[in-house]
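Undergrad: sharing a model prediction with you, sequence too.
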Amino acid sequence: MSKAQEHQAFEGIAALSFLPMQAADLNEVLAIESVSHLHPWSRGNFTDSLAAGHWAYCIRPQVDQAIKGSYLDPTVLWAYCILFPAVDELHLLNITVSSKLRKFGLGSRIMASIESVAAQQNIPRIILEVRPSNAGAIGLYQKLGYEQIGIRKNYYPASPETSGREDAVVMAKSIKLAS
Ligand SMILES: CC(C)(COP(=O)(O)OP(=O)(O)OC[C@H]1O[C@@H](n2cnc3c(N)ncnc32)[C@H](O)[C@@H]1OP(=O)(O)O)[C@@H](O)C(=O)NCCC(=O)NCCS
């Protein structure tokens, strides 16, 4: 199966379920987080985020019949995201797709759902920070119409590519509200 065929099959095959992240999810979340970021969130960061009432979701496939041992199993964590609702802004704090499931359109589908949540909740803008070295994430956001609105100097701890701390690119997208 070519990459394009695989992509099509994967995209069409499962609806996504977004369930509130709970403490019981954290082992699975941390297994993905630890291999996905230069400076992964710790268990304490996630626990604090849940305690603070951030909107945290675990994303799993919605399938009638699980194919055990495959990714098409609703008990398998595909991705997660964490949002902080501020006044007039929904701040995306974390979005992570399981490494084997990237480049299949999941990140785009999750971002579309986040935009729907913002619209439903009458929040007119989504804002996020991203490392300038994170070409994949910047590519995703640009493709979806996010624009750079600023730089936060020395926002991130140093990465192997940078000697000192790394700036953050701040990106935002306006959300069309019902009226
Ligand atoms: C960033 C991330 C969420 C994207 O998820 P994804 O499911 O792979 O994204 P999609 O398949 O929907 O990709 C959509 C678009 O993003 C861009 N993109 C995604 N991954 C890319 C990569 N590695 N390099 C360049 N562009 C990329 C492309 O424009 C892509 O469109 P295309 O498939 O038509 O080329 C995922 O790579 C990830 O979890 N990365 C690790 C965690 C992370 O960096 N999170 C963001 C922190 S700000």
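TA: Sure thing, it's come through. Numbering: from 1, shown residues only.

Undergrad: whichever residue of the chain sits closest to the ligand: which element?
TA: Nearest residue of the chain to the ligand: residue 107, at 2.4 Å (CB to the nearest ligand atom). All C-beta atoms are positioned from the backbone trio N, CA, C, and that covers glycine. Residue 107 is part of helix 106-120 when elements are defined by DSSP states H and E.

Undergrad: please apply the same query to residue 40.
TA: Going by DSSP H and E, residue 40 is not in any helix or strand.

Undergrad: near the ligand, which residues of the chain?
TA: 36-37, 95-97, 102-108, 130, 134-137, 139-140, 143 (CB under 6 Å from any ligand atom).

Undergrad: mind doing that once more with 8 Å?
TA: Counting by CB under 8 Å from any ligand atom, the residues of the chain lying close to the ligand are 7, 36-37, 79, 92, 94-99, 101-111, 128-131, 134-144.

Undergrad: re earlier: ok, residues contacting the helix holding residue 107?
TA: Residues outside helix 106-120 that contact it (CB atoms under 8 Å, 6 or more residues apart in numbering) are 11, 16, 18, 55, 59, 78-79, 81, 83, 90, 92, 95, 97, 124-126, 140-141, 143-144, 173, 175-178.

Undergrad: of those residues, just the buried ones, PyMOL syntax please.
TA: Restricted to buried positions by 16 or more other CB atoms under 10 Å, the PyMOL selection for the contacts of helix 106-120 reads:
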select buried, resi 18+55+59+78+79+81+83+90+92+95+97+126+140+141+144+173+175
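
Undergrad: before we move on, back to that, tell me the confidence at the residue of the chain closest to the ligand?
TA: With respect to pLDDT, residue 107 scores 97.

Undergrad: which residue packs closest to the residue nearest the centre of the chain, ignoring adjacent ones?
TA: In the chain, the residue lying closest to the centroid (CA atoms, centre = their mean) is residue 95, at 1.7 Å. Counting by CB to CB, 6 or more residues apart in numbering, residue 95 lies nearest to residue 81, which is 4.4 Å off, once chain neighbours are set aside.

Undergrad: next secondary structure element downstream of the helix or strand the one you found falls within?
TA: Per DSSP H and E, residue 81 falls inside strand 79-86. Following strand 79-86 in sequence order, the next helix or strand is strand 89-97 (DSSP H and E).

Undergrad: ok and that following strand relative to helix 106-120, angle-wise?
TA: With axes from the mean of the first three to the mean of the last three CA atoms, to 10 degrees as the basis, strand 89-97 and helix 106-120 are set at 160 degrees to each other.
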